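Novice: What follows is a predicted structure for the sequence shown.
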Amino acid sequence: STLKMWSFFTIAFVVLCAICVVLQYIQNRGLATGSPTTPDFKRFQRVYLVVYLCAVLSDWLQGPYVYALYDHYKFTKHQIGILFIVGFGSSMLFGTFAGSMADRYGRRLSCLLYCALYIISCLTKHSPDFNWLLFGRLTGGIATSILFSSFEAWLVGEHNKHFYPAEWLNQTFALATLGNGVMAILAGQLGAIVRDYFDSLVAPFDLAIMFLTIAAVVIVFTWSENKGDTLSLTPDRGDNRPKFQVAMDTFKRDPKVLILGLIQSSFEGSMYIFVFMWTPKLEPFFPDLPHGQVFGCFMACMMIGSSCVRYLMAARSPPALYMRDVFAVAALSLAVPSVLVTNGYVTLSSFCVFEAICGIYWPSMGIIKSKYVPEEVRATMYNIFRIP
């Protein structure tokens with residue numbers, strides 16, 4: 001039965017990956033007919049993606065082993081709970097502060113800080129001392145908030161600085177989401193390999209340090225700095241007011257930005273609930289649930305979603321138009337398993353649809369935010385959106 005379960009999820013994973021490859025192949029064939037990019041842009045895109053993918057890979061590598069490591073160090077459930085809450089809390093509390101700092105002193109500097117803070121967080125995992133681990137969760141939490149704001153803010157700022165066409169940005173976002181899925185699957189495999197080879201739960205964290213170091217080196221040698229562009233405001237106001245205050249004034253001035261923030265908070269809130277709940281929801285249906293395999297299927301679905309973004313934009317141009325339907329499908333995909341159905345395969349399929357929606361959501365939301373959020377407070381706002 002375990003073997004049957006394992007082979008079912010393996011076949012599902014392979015089929016989903018094949019669909020994704022076909023979609024990518026068709027797109028790349030079609031790219032020749034689209035607006036051609038320049039070698040200069042290709043280089044810029046490559047430099048960003050190498051850093052971003054190393055950054056997310058190091059993040060994915062740690063996920064599966066954090067709880068296991070704390071458990072291995074013989075902490076109680078209560079203590080482990082405290083460690084997790086400190087991580088989320090520091091991400092929330094220092095996140096907006098980190099965003100303001102990135103806008104004021106530079107997004108490149110902020111991304112380097114991400115590498116440094118996450119390396120510190122990984123190093124603390126070598127110690128079974130609760131206080132050191134608490135400190136590691138603190139630095140890790142701040143790093144996470146930088147990952148979800150400053151990298152994207154740097155990309156959009158740099159893209160606009162070079163006056164590249166807006167549709168090329170969509171391409172970078174779609175590739176980043178696709179790559180994120182690939183990195184998640186790769187991290188699962190690499191993490192398991194080093195864990196078993198060194199017979200150590202700390203090994204995946206050491207591997208993460210290696211990728212963070214690569215990211216930092218590439219940033220130092222290839223990225224140029226960009227800050228919150230203060231030209232959009234009068235000089236006397238632009239330079240002196242705290243970025244957080246400027247962001248709050250923008251919310252008052254432009255209700256669109258506020259609505260955008262509410263949409264992001266609501267959708268990502270449901271996504272985080274899903275992350276915690278899919279395992280307990282599926283386990284009753286599949287007694288020996290191969291978590292790695294299921295996670296692989298979800299990531300493949302996310303990659304399929306990101307591969308569909310270009311088709312959606314071709315059919316119903318700006319993302320603001322098609323995202324309404326996309327959110328409706330997302331709501332339906334989570335309503336089915338929660339209300340109607342007591343069948344494992346239907347529940348799994350609904351979850352896969354939701355993951356595909358996430359794949360459409362990330363690049364599309366990136367495009368919408370790049371249009372409506374003022375350059376000057378971009379990283380600050382991205383972090384405010386994440387608080388809920």
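Specialist: Looks like it came in fine. Numbers count the residues shown, from 1 in each chain.
Novice: in this structure, which residue is closest to the centre?
Specialist: Note on the chain: the residue nearest the mean C-alpha position is residue 148, at 6.1 Å, using Cα atoms, centre = their mean.
Novice: hang on, that one packs against residue 382?
Specialist: Yes - counting by Cβ atoms under 8 Å, residue 148 does reach residue 382; the two are 6.9 Å apart. In short, each C-beta sits where N, CA and C put it, glycine included.
Novice: Give the buried residues for the strand or helix carrying residue 301.
Specialist: For residue 301, the element it lies in under DSSP states H and E is helix 291-315. Residues of helix 291-315 classed as buried: 292-310, 312-313 (neighbour count, 16 or more other Cβ atoms under 10 Å).
Novice: continuing past that helix, what's the next helix or strand?
Specialist: Using DSSP H and E, the next helix or strand after helix 291-315 towards the C-terminus is helix 319-335.
Novice: Which elements pack onto that next one?
Specialist: Judged by 3 or more Cβ pairs under 8 Å, 6 or more residues apart in numbering; DSSP states H and E, the packing partners of helix 319-335 are helix 255-282, helix 291-315, helix 344-372.
Novice: Would you reformat these as JSON lines and include distance to residue 334 and mean pLDDT?
Specialist: Formatted as JSON lines, the helices and strands packed on helix 319-335 follow (distance: least, Cβ to Cβ, whole Å; pLDDT from 0 to 100):
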{"stretch": "helix 255-282", "distance to residue 334": "7", "mean pLDDT": "84"}
{"stretch": "helix 291-315", "distance to residue 334": "14", "mean pLDDT": "83"}
{"stretch": "helix 344-372", "distance to residue 334": "6", "mean pLDDT": "89"}
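Novice: Out of these, flag the one nearest residue 204.
Specialist: Ranking the helices and strands packed on helix 319-335 by their distance to residue 204 (criterion: Cβ to Cβ) puts helix 291-315 first, at 13.3 Å.
Novice: Can you give me every residue that contacts residue 192?
Specialist: Shown in contact with residue 192 (Cβ atoms under 8 Å, 6 or more residues apart in numbering): residue 292.
Novice: What strand or helix carries it?
Specialist: helix 166-198.
Novice: Buried residues in that helix, which are they?
Specialist: Under the neighbour-count criterion of 16+ other Cβ under 10 Å, helix 166-198 has 168-188, 190-191, 194-195 buried.
Novice: Restrict the helix or strand just after it to CA atoms and write it as PDB.
Specialist: Downstream of helix 166-198, the first helix or strand assigned by DSSP H and E is helix 203-222. Extracted in PDB, the C-alpha atoms of helix 203-222 (Å, rounded to 0.1, in the frame of the first residue of the first chain):
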ATOM      1  CA  ALA A 203      24.000  19.700   7.100                       C
ATOM      2  CA  PRO A 204      21.100  21.300   5.100                       C
ATOM      3  CA  PHE A 205      21.700  24.600   7.000                       C
ATOM      4  CA  ASP A 206      25.400  24.500   6.100                       C
ATOM      5  CA  LEU A 207      24.500  23.900   2.400                       C
ATOM      6  CA  ALA A 208      22.200  26.900   2.700                       C
ATOM      7  CA  ILE A 209      25.200  29.000   3.900                       C
ATOM      8  CA  MET A 210      27.000  28.000   0.700                       C
ATOM      9  CA  PHE A 211      24.200  29.300  -1.600                       C
ATOM     10  CA  LEU A 212      23.800  32.500   0.500                       C
ATOM     11  CA  THR A 213      27.600  33.100   0.000                       C
ATOM     12  CA  ILE A 214      27.300  32.600  -3.700                       C
ATOM     13  CA  ALA A 215      24.300  35.100  -3.800                       C
ATOM     14  CA  ALA A 216      26.300  37.700  -1.800                       C
ATOM     15  CA  VAL A 217      29.300  37.400  -4.000                       C
ATOM     16  CA  VAL A 218      27.200  37.900  -7.200                       C
ATOM     17  CA  ILE A 219      25.400  40.900  -5.600                       C
ATOM     18  CA  VAL A 220      28.800  42.500  -4.700                       C
ATOM     19  CA  PHE A 221      30.300  42.200  -8.100                       C
ATOM     20  CA  THR A 222      27.300  42.600 -10.500                       C
END
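Novice: which stretches of the stretch 51-200 of the chain have low pLDDT?
Specialist: Judged by pLDDT under 70, the stretch 51-200 of the chain has no weakly predicted residues.
Novice: quick one, strands of it?
Specialist: Under the criterion DSSP state E, counting those that start in this stretch, the stretch 51-200 of the chain contains no strands.
Novice: mind listing the helices in it by residue range?
Specialist: Using DSSP state H, counting those that start in this stretch, the helices found in the stretch 51-200 of the chain span residues 77-105, 107-124, 130-147, 150-161, 166-198.
Novice: any idea of the angle the shortest one forms with helix 203-222?
Specialist: With axes from the mean of the first three to the mean of the last three Cα atoms, to 10 degrees as the criterion, the two stretches helix 150-161 and helix 203-222 enclose an angle of 20 degrees.
Novice: could you say what helices and strands helix 150-161 packs with?
Specialist: helix 39-72, helix 77-105, helix 107-124, helix 166-198, helix 344-372, helix 378-386.
Novice: now for those, which one comes closest to residue 10?
Specialist: Here helix 166-198 is closest among these (Cβ to Cβ), at 12.7 Å.
Novice: what angle do the closest one and helix 203-222 make?
Specialist: Going by the same axes, to 10 degrees, helix 166-198 makes 140 degrees with helix 203-222.
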